[in-house]
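> Got a predicted structure plus its sequence, pasted below:
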Amino acid sequence: MKKLVPKRRFKEFKDSETWEQRKLGDLADIVRGASPRPINDPKWFDIESDIGWLRISDVTEQDGRIHFLEQRISVAGQEKTRVLTEPHLLLSIAATVGKPLINYVSTGVHDGFLIFQNPVFEREFMFQWLEMFRPKWSKYGQPGSQVNLNSDLVKNKAIMLPDRAEQARIGEFLAAIDNLITLHQSKLKKLKNIKSAYLSEMFPKDGELYPKRRFAGFTDPWEQRKLGEVADYRRGSFPQPYGKKEWYDGEGAMPFVQVVDVADNLMLVDKTKQSISRLAQPKSIFVPKGKVIVTLQGSIGRVAITQYDCFVDRTLLIFESFKEAIHEVLWAYIIQLKFDIEKRKAPGGTIKTITKEALTNFVVSLPEYEEQEKIGNFFSNLDNLITLHQRKLEKLEALKQAYLSEMFI
């Protein structure tokens with residue numbers, strides 16, 4: 001008989017009993033929250049109240065660990081809901097369906113959540129199991145429709161679990177990884193905010209000649225130039241029709257960059273969605289490492305610097321060379337900021353199309369090359385630091401998923 005144990009187990013529990021199958025409804029009293037109606041009536045809320053009011057937006061923003069609630073529920077509102085003054089495990093059954101959460105503050109719970117009361121399980125263990133199981137709730141919905149979770153469905157869900165001591169050990173271990181992830185998310189967010197602040201101050205505002213913040217020793221105005229006077233550029237290309245099998249992959253295939261491959265932070269994705277075959281390469285445009293490209297369709301104005309040799313689709317513009325000394329990183333940010341300005345000017349905040357004539361007449365501001373180099377290197381170093389933290393975060397998140405798949409049955 002197969003022993004019911006997970007793939008990965010802590011040493012002290014190697015010889016412990018097998019895990020036991022139970023229904024969630026046998027492990028806690030599962031009840032639904034309640035909401036005062038109509039929910040938008042101001043009498044239900046009071047900013048001075050000690051009791052918070054939990055919303056789905058709080059759950060997503062705090063990733064299920066609720067330490068702060070901006071909205072507060074009034075005494076009248078408390079009489080119409082379920083108030084929790086101690087930490088409880090909850091499960092969202094509306095909007096962000098199947099998301100587990102733990103309230104660490106006193107809160108009223110509306111009817112979009114289930115509450116696990118009087119549990120006979122370790123709360124952190126169950127939080128992690130529900131997080132792992134979350135994508136699988138989709139099988140309980142009708143095809144093409146939103147999942148509709150209710151208390152009976154959740155109560156009848158079977159789960160395999162060990163004794164309380166092992167539950168506690170697993171929960172503690174996974175919570176420690178969560179804390180590391182949160183730490184790196186916080187560092188990454190701080191770095192991105194710092195970068196955003198510098199971008200707003202180290203480049204002149206639209207129509208101005210001087211940035212707010214400069215490196216010491218630079219006082220001359222930035223020169224306004226038409227893009228066509230500074231850069232040589234062209235669109236990428238690809239043989240038609242798209243989708244023809246012989247245009248893709250095979251021996252000698254190379255990365256083929258499309259709009260979808262332009263990531264954040266002036267980066268391309270590590271591996272492009274498609275590779276262009278040796279047969280198709282003469283019909284496309286080769287772009288060496290270190291060139292600035294910008295998207296012209298879909299999400300217009302997303303900019304990247306190629307991190308590897310590649311071929312580029314017609315939906316992107318390639319800056320092949322410059323008519324004077326230009327720092328590539330600085331140029332990438334000038335182009336990105338210029339497109340941001342054009343988007344704000346466009347109806348609805350969205351650029352529908354860009355003609356070659358419009359591009360040629362784009363006005364950009366440039367400092368002398370020595371200042372370009374200082375600014376470009378500054379942002380290059382900042383981008384490298386952001387990328388380093390991003391990759392650390394991605395590794396931790398992948399590690400967490402691996403542990404979740406191996407530490408539960």
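Structure's in. What do you need?

> can you give me the strands in the stretch 301-409 of the chain?
Under the criterion DSSP state E, counting those that start in this stretch, the stretch 301-409 of the chain contains strands at 303-305, 310-312, 316-322, 363-366.

> among those, which is the most enclosed?
Mean neighbour counts were compared across those using mean count of other CB atoms under 10 Å; the top stretch is strand 310-312, at a mean of 25. From N, CA and C alone the C-beta is placed, and that goes for glycine too.

> so who does V105 touch?
G52, I66, H67, F68, L69 (CB atoms under 8 Å, 6 or more residues apart in numbering).

> tell me which helix or strand of the protein sits lowest on mean pLDDT?
Using mean pLDDT, DSSP states H and E, helix 356-360 stands out as the lowest-scoring helix or strand of the chain, at a mean of 84.

> elements contacting that helix?
helix 227-230 (3 or more CB pairs under 8 Å, 6 or more residues apart in numbering; DSSP states H and E).

> centre of the chain versus the helix it packs on, how much separation?
Taking CA atoms, centre = their mean, to the nearest Å, one finds the center of helix 227-230 at 35 Å from the center of the full chain.

> The stretch 101-250 of the chain: helices as residue ranges?
For the stretch 101-250 of the chain, the helices defined by DSSP state H, counting those that start in this stretch occupy 123-133, 151-155, 164-201, 227-230.

> wouldn't N150 be in contact with I93 here?
Yes - taking CB atoms under 8 Å as the definition, N150 is a contact partner of I93 at 6.8 Å.

> With neighbour numbers in mind, choose between these two.
Between N150 and I93, I93 has the larger neighbour count (other CB atoms under 10 Å), namely 23 against 11.

> where does the protein have low pLDDT?
Low-confidence segments of the chain (pLDDT under 70): 1-3, 141-147.

> any idea how it splits into domains?
19-161, 164-221+367-409, 223-365 (automatic domain parsing).

> Figure out which of these is closest to K7.
domain 164-221+367-409 (4.3 Å; CB to CB).

> From start to finish, how long is the closest one in a straight line?
In domain 164-221+367-409, first residue to last residue: 16 Å (CA to CA, to the nearest Å).

> Please apply the same query to stretch 4-18.
Start-to-end span of stretch 4-18 (CA to CA) is 5 Å.

> mind checking the backbone torsions on the closest residue to K374 other than its chain neighbours?
The shortest distance from K374 to any non-neighbouring residue, by CB to CB, 6 or more residues apart in numbering, is to F215 (4.8 Å). The phi/psi pair for F215 (degrees, to the nearest 10) reads phi -70, psi 150.

> now do D29
Dihedral angles for D29 - degrees, to the nearest 10 - are phi -90, psi 110.

> residues in contact with it?
F116, Q117, N118.

> For those, pick the one with the most neighbours.
Greatest neighbour count in the contacts of D29, by other CB under 10 Å, goes to F116: 23 neighbours.

> roughly how far apart are it and K343?
As judged by CB to CB, to the nearest Å, F116 and K343 stand 46 Å apart.

> Quick check: the farthest pair among the contacts of V105?
The span of those, defined through CB to CB, is set by G52 and H67 at 10.3 Å.

> sorry, back to before: which of the helices of the stretch 101-250 of the chain sits most buried?
Ranked by mean neighbour count, the helices of the stretch 101-250 of the chain are led by helix 123-133 with a mean of 21 (mean count of other CB under 10 Å).

> Which elements pack onto it?
Counting contacts by 3+ CB pairs under 8 Å, 6+ apart, helix 123-133 packs against strand 89-92, strand 100-103, strand 158-161, helix 164-201, helix 369-407.

> Compare those and report which one is nearest to L27.
Ranking the helices and strands packed on helix 123-133 by their distance to L27 (criterion: CB to CB) puts strand 158-161 first, at 7.6 Å.

> got the CA positions of that closest one in PDB?
What follows is strand 158-161, C-alpha atoms only, in PDB (Å, rounded to 0.1, in the frame of the first residue of the first chain):
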ATOM      1  CA  ALA A 158     -11.000  17.300   0.800                       C
ATOM      2  CA  ILE A 159      -7.500  18.000   2.000                       C
ATOM      3  CA  MET A 160      -4.500  15.700   3.100                       C
ATOM      4  CA  LEU A 161      -2.800  17.000   6.200                       C
END
